[in-house]
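Visitor: Got a predicted structure here, sequence first:
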Amino acid sequence: MKDVHIYESDSDGFLYDPRVRAAMTQFADSDEDLLTFEAGAAVRTANHAVDRMRAHGAQGRGVSAGALDLLIRLNDSEHGISIGELARAAGVSSRNATGLVDTLEHNGLVRRVPDPADRRSVLAEITPDGRAWMEAFREPSRRAMRAMFHGFTPEELVTLRDLCLRLAVNQQSLADHLRQNGQQP
């Protein structure tokens, strides 16, 4: 049987995971520390939930979640995108992006074309079959995201988006700081 998460509400009515709280107390020196560890765990839990939903929808159509990320970016582009740009946008290595493009190309959803600005480079571009695949994926994706965010107000969605992106900005600032000091991020 799959491990079921049982969440509880704190005195203010906010959800928390009692198992996470118990585990994180070993790292926290204060209530504020505990909240940061719990928040980090909650972000990871939410990320996994969204990824599972996306992967479920995409794999039923023969495309991994990582390949779906690239396909979404290519579908939004009028011209091709370099593998390096795709890798940076998706937050993966160039090698990983190359493998994902290979898979998408094998499935007829993407093709490599010469870069008109640089004869030595190639771009990945979505094919007509790739655009048709994206169109078929659009409505199931809408339904899944509506279900995932059921009960959220527009204001809560804006706040959630802002908070998540602020986490990303903080992480990038920390990584830049570490690189500037000769440390590995």
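Guide: Structure's in. What do you need?
Visitor: got the residue ranges for the strands in the protein?
Guide: Ranges of strands within the chain are 8-9, 15-16, 81-82, 110-115, 118-126, based on DSSP state E.
Visitor: Quick one: find the helix or strand in the protein with the lowest mean pLDDT.
Guide: Least confident helix or strand, the chain: helix 31-59 with a mean of 84, by mean pLDDT, DSSP states H and E.
Visitor: elements contacting it?
Guide: Packing partners of helix 31-59 (3 or more C-beta pairs under 8 Å, 6 or more residues apart in numbering; DSSP states H and E): helix 18-24, helix 65-75, helix 128-148. C-beta coordinates here come from the backbone N, C-alpha and C atoms, glycine included.
Visitor: Any idea which of those gets closest to residue 170?
Guide: For residue 170, the closest of the helices and strands packed on helix 31-59 is helix 18-24, at 19.0 Å, according to C-beta to C-beta.
Visitor: pLDDT of the closest one, averaged?
Guide: Helix 18-24 shows a mean pLDDT of 93.
Visitor: and it, what does it pack onto?
Guide: Helix 18-24 packs on helix 31-59, going by 3+ C-beta pairs under 8 Å, 6+ apart.
Visitor: now the helix it packs on and helix 65-75, what's the angle there?
Guide: Interaxial angle, helix 31-59 versus helix 65-75 (axes from the mean of the first three to the mean of the last three C-alpha atoms, to 10 degrees): 80 degrees.
Visitor: residue ranges with poor pLDDT in this protein?
Guide: Scanning the chain for pLDDT under 70 picks out 1-4, 55-62.
Visitor: how about the strands of the chain in JSON lines, adding distance to residue 99 and mean neighbour count?
Guide: Shown next, in JSON lines, are the strands of the chain (distance: least, C-beta to C-beta, whole Å; neighbours: other C-beta atoms under 10 Å):
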{"stretch": "strand 8-9", "distance to residue 99": "42", "mean neighbour count": "10"}
{"stretch": "strand 15-16", "distance to residue 99": "38", "mean neighbour count": "13"}
{"stretch": "strand 81-82", "distance to residue 99": "15", "mean neighbour count": "20"}
{"stretch": "strand 110-115", "distance to residue 99": "12", "mean neighbour count": "16"}
{"stretch": "strand 118-126", "distance to residue 99": "12", "mean neighbour count": "16"}
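Visitor: Compare the helices and strands packed on helix 31-59 and report which one is nearest to residue 167.
Guide: Shortest distance between residue 167 and the helices and strands packed on helix 31-59, using C-beta to C-beta, is found for helix 18-24: 17.1 Å.
Visitor: re the thing from before, which one of the strands of the chain lies nearest to residue 53?
Guide: Nearest to residue 53, of all those, is strand 15-16, at 18.6 Å by C-beta to C-beta.
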